[in-house]
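*Asks:* sequence and predicted model, in that order:
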There are 2 protein chains.
Amino acid sequence: MPYNKPEEMMRMAEHPEGLGPDELRVVGKREPKVDAVKLVLGKPAFTDDVEMRGLLHAKILTSPHAHARIKRIDTAKAKALPGVHAVLTHEDIPPVRYTTAGQSYPEPSPADTRSLDSKVRFVGDRVAAVAAESADIARRALDLIEVEYEVLPAILNMEDALKPGAPVIHDEPDVRGAKDPKRNLAARIDARCGDLQRGFAAADLVLEREYRVPQVQQTPLETHVCITWWDEDDRLVVRTSTQVPFHVRRIIAPVIGLPPKRIRVIKPRIGGGFGGKQEVLIEDICAHLTIATGRPVKLEYTREEEFISARSRHPQILRLKAGARRDGTLTALDLYVLADTGAYGAHALTVQVNTASKSLAVYRCPNMRFQCDVVYTNKPVPGAFRGYGAPQGFFATESMMDELAQHLGLSPAEMRRRNIVQVGDVFPLAAQLGEGREGVENTILSCGLPQCLELATKAIGWHEKRADGAPHRAAIPGKPHLRRGVGLACVTHGTAIPGLDMGGTYIKMNDDGSFNLLFGGTDLGTGADTVLAQIAAEVLGCRLSDIIVYAADTDMTPFDKGAYASSTTFISGGSVKKASEDVARQIKEVAGRIMEENPAVLSLHDGSVWSPSGESITLAQVALHSLHLEDQHQIMATASHMSYKSPPPFACQAVEAEVDIQTGEVRVLKMVMAVDCGRVINPTTAEGQIEGGMTQALGYGLCEEMLYDDEGRMVNARFGDYKILQADEMPELVTIFVPTDEPTGPFGAKAVAEIPMDGVHPALANAVADATGVRIRQIPLTPERVWRALREAGIK
Amino acid sequence: MPYNKPEEMMRMAEHPEGLGPDELRVVGKREPKVDAVKLVLGKPAFTDDVEMRGLLHAKILTSPHAHARIKRIDTAKAKALPGVHAVLTHEDIPPVRYTTAGQSYPEPSPADTRSLDSKVRFVGDRVAAVAAESADIARRALDLIEVEYEVLPAILNMEDALKPGAPVIHDEPDVRGAKDPKRNLAARIDARCGDLQRGFAAADLVLEREYRVPQVQQTPLETHVCITWWDEDDRLVVRTSTQVPFHVRRIIAPVIGLPPKRIRVIKPRIGGGFGGKQEVLIEDICAHLTIATGRPVKLEYTREEEFISARSRHPQILRLKAGARRDGTLTALDLYVLADTGAYGAHALTVQVNTASKSLAVYRCPNMRFQCDVVYTNKPVPGAFRGYGAPQGFFATESMMDELAQHLGLSPAEMRRRNIVQVGDVFPLAAQLGEGREGVENTILSCGLPQCLELATKAIGWHEKRADGAPHRAAIPGKPHLRRGVGLACVTHGTAIPGLDMGGTYIKMNDDGSFNLLFGGTDLGTGADTVLAQIAAEVLGCRLSDIIVYAADTDMTPFDKGAYASSTTFISGGSVKKASEDVARQIKEVAGRIMEENPAVLSLHDGSVWSPSGESITLAQVALHSLHLEDQHQIMATASHMSYKSPPPFACQAVEAEVDIQTGEVRVLKMVMAVDCGRVINPTTAEGQIEGGMTQALGYGLCEEMLYDDEGRMVNARFGDYKILQADEMPELVTIFVPTDEPTGPFGAKAVAEIPMDGVHPALANAVADATGVRIRQIPLTPERVWRALREAGIK
């Protein structure tokens, strides 16, 4: 297809309103979100927007200790409080251990969690659950539960976890062998390719650096919320703000003691997830309480509970050793990561695998090693968070690229240009890093990274500001304490987990030529429902408003692995396209009989079926004919889709920042992201993803960090103290699409959901280094940290 | 298949617990209804069982005149009543004329109805609609609506409708030509075969008789009820007690001015329909009121409104001339019917077509004619009612068979035996009576009628009581005023409308080997959901409890023409079987890969997939493998089904009755129905259908009749005055299944829904004639009517 040619990609990137070929009528267009109106008008669309007679409100008693055993727990006084209907402790529920990870079924995650346990492993771990007539009564009941703890020594620093004599956090016999000296090791990874020793020997320059990234939180505007009830068939309905409705059903079934067929999970509109709702965190407790009371129960996290008891991003210490020739060619990369998975390890292995499989995959390097230890600590639990390990890795690799360039006297842009991957390349560690499933194949088939690099640098003014490769370090007249710099990062990501993720679609045609489109995919606010409806409308030749979307509901919609791994457009969208194509084929067959034409020559667009001579009949005519007149049948189809390919999107991130060398304050002036996410199905929703991702990544680089006191208590578990960027604090944001045509994606699409999270923070650190000459290897770049680094470097 | 052999049919009829071949595990078994528990426990399952914030209650002002023009209507005072939110008249709604008939789309029915019109055509016709905060306020508002009528002369007797100078009931120009002298003729039928004149000439006996059947009502326990509201996407949701959810959507769309894609119709559990809910009677008004107010609105008929403003069975006057040879062979049948369709004619043509197409189809007769005039009158409106014209016809034909037999000196059983149809016969009038669609073929492929006749007569004691063909007329010692007699009727019916009806199914498999079964079919309490789930369970090799049924919902479930024409098991069940077979095929493919076996040799039963050697894996293993492990896909399928055949079920009805010749009271002692409905999928629900149908037919024959005063006001529009039989008034009921294997039906099934309505009332009249020697040609056989007939005949 023409627009994988570089010049065509550049042309299309400069005309962002017409991203699709001319023949496309819905795909590639700036369609409004299918759920926009109801959300803007505040219609009852979210989990909490239902009224139920007899609804009880749940609250959870959490541990004040980082590590303790519950010696005695007395709920008598709490139960006696008028309005309290149930108080549950670990003594009341079946002792089922499970993993909360909502990835697909066969992924290896330790079954280290119980709904309620006799041991608590972090400040915020669950102790008991109450259901009462009101949230206020439930809260008062929590105060009446008497718990006697045996406080145990705690691990509050990941570097202490593997020390001899460290307390053992998971001493339950069924999780790990009792005599294992590495009992706090949740996961370990060792992957390598080529010959590391020879690689470093061939280098003209070898650098070894340590980078540190903090624990940060997803902070969705809608906290975790769930309502459970028994329906009239004594089936448990779980209405929940989840990314993974089908995994919720599968995971809670054994935990609550019901077969999946007696559970129905409904996912309404979701107010953000970012990975935090990829885990099954509250549905079990809510269900236990409905089972205990027979009543509908709602459990909704407060913002503080969301910070402490939900999930977050794994903090890591990354030690990266890199070798390069004088001309910039990379010869060896050796990355060691120590990662903290907190008290539970659902994502211990998989997040850290992703750290390497993304950050080491941007550049060609024949000799690589990745080693990782993921340890338990007595801290709130990291899990899935947009980027899923990659943002951590890119902070190391993309800082290192600048450090290498500086030592080699190359422009960081040129350094990258000389090493970036191209079409036809294969990432040599892929198979060892979780993509070795049978049938999976990793050759890059589409890559717009060179164009991204060119367009992002152009847009940030790189060529004027660092034309000679020298630092920018612009002084501003009259403001001698301010320094400006520009920084880059090249990043890549995946598009779904190859050979693993799967989605399904069911489409039926209505009397008026409209379509019900039912899929299991999960729109978290990203616009996925809109994008999938566009794919259907394009194939079916109708307007977007003729597609009635319903998703997701485990009783009605086909299975979908859920919204994670940037997969929805690619996987769920792939199933939508297949099912739509089957429906289109049936439409053409019926129309062919009516029009006395060969179905193969007919085309669908503008709500009609067209013959080559320009004759047409409407989709409504076809539907009425098929339903009522001749050879009657319901035009409908189902389709599943999975992929053995995970085609990587690529991006170049450019940041211009200004540093106040008196205060250490960093102000970002402009952020440019040039993205190859394949064909852009909807430029508006894709831009939304990119701008939102850059915003989150800027928070990661600049100001966000979960902080603890000496006893493991999070000290900034509220907005304000935990700083997320506000709209009026954001710099100018520029998105540039470099469309490619990915042959394995629906209409050429690749992922766009996570890659915006990957490049901002290293590009920012590179811009700060450019502005000040000082390399800071730990984020967030708070004024204090920058100020200290500048002082240590003698700048003031 | 073996059991279409007569001796096998007889053997199976005598072992009713094992109606299916041995290899069937779910089909043919007495499974409990899938909705039994929730109904018994009173769970919220019906239309009315929802709570909605802001619900308004609707009431309808109806006409006190049989025929009038609305000259002026003033709603100001009603609107001013506090709590009233809307008052609608014909001035407020678009002037759309439509038909309320919920058959499939292309059936010809006159578009003679408006939601609200400027003319009223019967006492009970709609004048205005109110929505208010409570039903009580709405009722008071009705009293405040001022209507000035121009009262017109009315037609209250069908025999007056076609008289010159009769008032014209539908004078709207768009319904009929303004100068048509037959303007009260709603439909006319003329069908014939053979040579009538020659047929009568060949007869040794020609009889000509007139029979009369009354207007009766369906009286479902749940009256018509509907709730409409706007959902969060501004789509109109219609939750309604309907037999035809997809037709509701299609029919109301132009009436309320919304495209079908903005309408969702949900059918919950239904408390009986019997055809009365096959028409779209209240959904339009409810929707108009939601559109006018923006609020949820509920409209529920009182019992009186149900009697007067809902639907009923067409009363008919039937003139039947029949010729037979001395040996009983029929030579000619000439039937003329005058039928009354009341003020509107949605079912004018089709019900009367069915009168002939069923009642003339039981016996071989080469020369036949059927003529019919269906007229408008100013009476409450007949429509679809279980049997749909056939019970009227059978009263004439099955009475006549006894009259012929008596004149010929034959036993009525023998008279029937000599004439009944057999396998290979074709009903010669079929094509003229609406079954002439392209592709339709009417040859009988399965027929257990001879066995039904044998078994029913045996069970009623016919051979002892009328061994010599002489009347029974048993005297009871000590009770000289009582006379006993036995009577027979042979009947047939259809199984769906061939070439027209269609149903669709969508099935998906869950993690635990359970299945979601979604179809558009409409269980009205008949057990259809259970029967369809049994078909799926049989094919899928699981327990009935592993099938999760959802039906019907125009957004979720595939199209289905709805529950009428005894079609659900055959048409919807056919689609369930096809979709299940597709799913079973997919299961075997996955299992074949796991078991390393050829899928073709595998079988499904007892929740597992079995190899010929006895190895097995569970359905849950197959599901988990398919969803998560290898070549991932959602095992699922869709299928539609229609049929060019409408295989007739057959039955012989036997009744033993006792007549009190002093009072005219008729007491029925025993009713036996021997039925060939093909393979019986669920003997329990089939018995329920048969016993319920016999009960309704006995009411038709004995005590039910809608009665009017001289101004067209129904005088017995309440239970008690309108007598339906109570449980403790019912005689012994015996059901005998004569299973055949119908090759066109799922697992050999034919229909059972309507045929029980066909034979009781003629068999009863025949039993009364047997008991008393007096032939009464009009039902119901009330004490007064019987007493008068006996007195006229000189019996006292």
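*Replies:* Thanks, I have the structure now. Residues are numbered from 1 along each chain as shown, chains lettered A, B, ... in the order given.
*Asks:* report the buried residues of the lengthiest helix in chain A.
*Replies:* Longest helix of chain A, by residue count under DSSP state H: helix A:573-595. By 16 or more other C-beta atoms under 10 Å in any protein chain shown, the buried positions in helix A:573-595 come out as A:573-580, A:582-584, A:586-592, A:595. Where C-beta positions appear, they are placed from N, C-alpha and C, glycine not excepted.
*Asks:* may I ask which helix or strand of chain A has the lowest mean pLDDT?
*Replies:* Across the helices and strands of chain A, mean pLDDT, DSSP states H and E gives its lowest value to strand A:474-476, namely a mean of 73.
*Asks:* who does that strand pair up with?
*Replies:* Strand A:474-476 has its sheet partners listed here by DSSP bridges as strand A:479-492 (antiparallel).
*Asks:* next secondary structure element downstream of the strand it pairs with?
*Replies:* Counting by DSSP states H and E, the next helix or strand C-terminal to strand A:479-492 is strand A:502-509.
*Asks:* figure out how far that following strand is from the centre of its chain.
*Replies:* Averaged C-alpha coordinates place strand A:502-509 at 24 Å from its chain's average position (C-alpha atoms, centre = their mean, to the nearest Å).
*Asks:* could I have it exported to CSV, CA atoms only?
*Replies:* Output in CSV follows, covering the C-alpha atoms of strand A:502-509 (Å, rounded to 0.1, in the frame of the first residue of the first chain):
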residue,chain,number,x,y,z
MET,A,502,-8.7,-12.7,21.9
GLY,A,503,-11.9,-10.8,21.4
GLY,A,504,-15.3,-11.6,20.0
THR,A,505,-18.1,-9.9,18.2
TYR,A,506,-21.8,-10.5,17.4
ILE,A,507,-23.6,-8.3,14.9
LYS,A,508,-27.2,-8.4,13.8
MET,A,509,-29.0,-6.2,11.3
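*Asks:* if you count contacts, what does that strand end up packed against?
*Replies:* Here strand A:502-509 is seen to pack against strand A:515-519, helix A:573-595, helix A:619-624, strand A:636-642, strand B:502-509, strand B:636-642 when contacts are counted using 3 or more C-beta pairs under 8 Å, 6 or more residues apart in numbering or on different chains; DSSP states H and E.
*Asks:* hmm, try it at 10 Å
*Replies:* Contacts defined by 3 or more C-beta pairs under 10 Å, 6 or more residues apart in numbering or on different chains; DSSP states H and E place strand A:502-509 against strand A:515-519, helix A:528-540, strand A:547-550, helix A:573-595, helix A:619-624, strand A:636-642, strand B:502-509, strand B:636-642.
*Asks:* could these be laid out in CSV, adding distance to A:Ala58 and mean pLDDT?
*Replies:* CSV is the format used below for the helices and strands packed on strand A:502-509 (distance: least, C-beta to C-beta, whole Å; pLDDT from 0 to 100):
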stretch, distance to A:Ala58, mean pLDDT
strand A:515-519, 31, 98
helix A:528-540, 29, 98
strand A:547-550, 28, 98
helix A:573-595, 35, 98
helix A:619-624, 46, 97
strand A:636-642, 36, 98
strand B:502-509, 31, 98
strand B:636-642, 35, 98
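*Asks:* just the buried residues of the helix or strand encompassing A:Ala187, please?
*Replies:* Element membership for A:Ala187, per DSSP H and E: strand A:185-193. Neighbour-count burial for strand A:185-193, counted by 16+ other C-beta under 10 Å, picks out A:185-187, A:189, A:191, A:193.
*Asks:* most widely separated two among these?
*Replies:* Within the buried residues of strand A:185-193, two members stand farthest from each other by C-beta to C-beta: A:Ala186 and A:Cys193, at 24.8 Å.
*Asks:* quick revisit: what's the spacing between the strand holding A:Ala187 and its chain's center?
*Replies:* With C-alpha atoms, centre = their mean, you get 22 Å for strand A:185-193.
*Asks:* spell out the secondary structure type for A:Arg212.
*Replies:* Taking DSSP: H, G, I helix; E, B strand; the rest coil as the rule, one finds A:Arg212 in the strand state.
*Asks:* got the contact list for it?
*Replies:* Applying C-beta atoms under 10 Å, 6 or more residues apart in numbering or on different chains, one finds that A:Arg212 lies in contact with A:315-318, A:338, A:392, A:395-396, A:777-779.
*Asks:* distance check, it against B:Leu619.
*Replies:* Applying C-beta to C-beta, to the nearest Å, the value for A:Arg212 to B:Leu619 is 50 Å.
*Asks:* please apply the same query to A:Ala154.
*Replies:* Taking C-beta to C-beta as the measure, A:Ala154 falls 47 Å from B:Leu619.
*Asks:* which residue is the nearest non-sequential neighbour of A:Gln422?
*Replies:* Using C-beta to C-beta, 6 or more residues apart in numbering or on different chains and skipping residues adjacent in sequence, the residue nearest A:Gln422 is A:Cys447, 5.8 Å away.
*Asks:* ok, the one you found - contacts?
*Replies:* Neighbours of A:Cys447 in contact, by C-beta under 10 Å, 6+ apart: A:4, A:9, A:420-425, A:492, A:647-650, A:676, A:738, A:740, A:742.
*Asks:* just the buried ones out of these, please.
*Replies:* For these, a burial check counting by 16+ other C-beta under 10 Å picks out A:4, A:9, A:420-421, A:425, A:492, A:647-650, A:676, A:738, A:740, A:742.
*Asks:* and these, which of them are in strands?
*Replies:* A:492, A:650, A:676 (DSSP state E).
*Asks:* quick one: which of those residues is nearest A:Leu627?
*Replies:* A:Asp676 (43.7 Å).
*Asks:* find the nearest non-adjacent residue to the closest one, please.
*Replies:* A:Gly448 (3.1 Å).
*Asks:* state the distance from the residue nearest to A:His314 when sequence neighbours are not counted to chain B.
*Replies:* Using C-beta to C-beta, 6+ apart and skipping residues adjacent in sequence, the residue nearest A:His314 is A:Pro382, 4.0 Å away. Using C-beta to the nearest C-beta, to the nearest Å, A:Pro382 is found at 25 Å from chain B.
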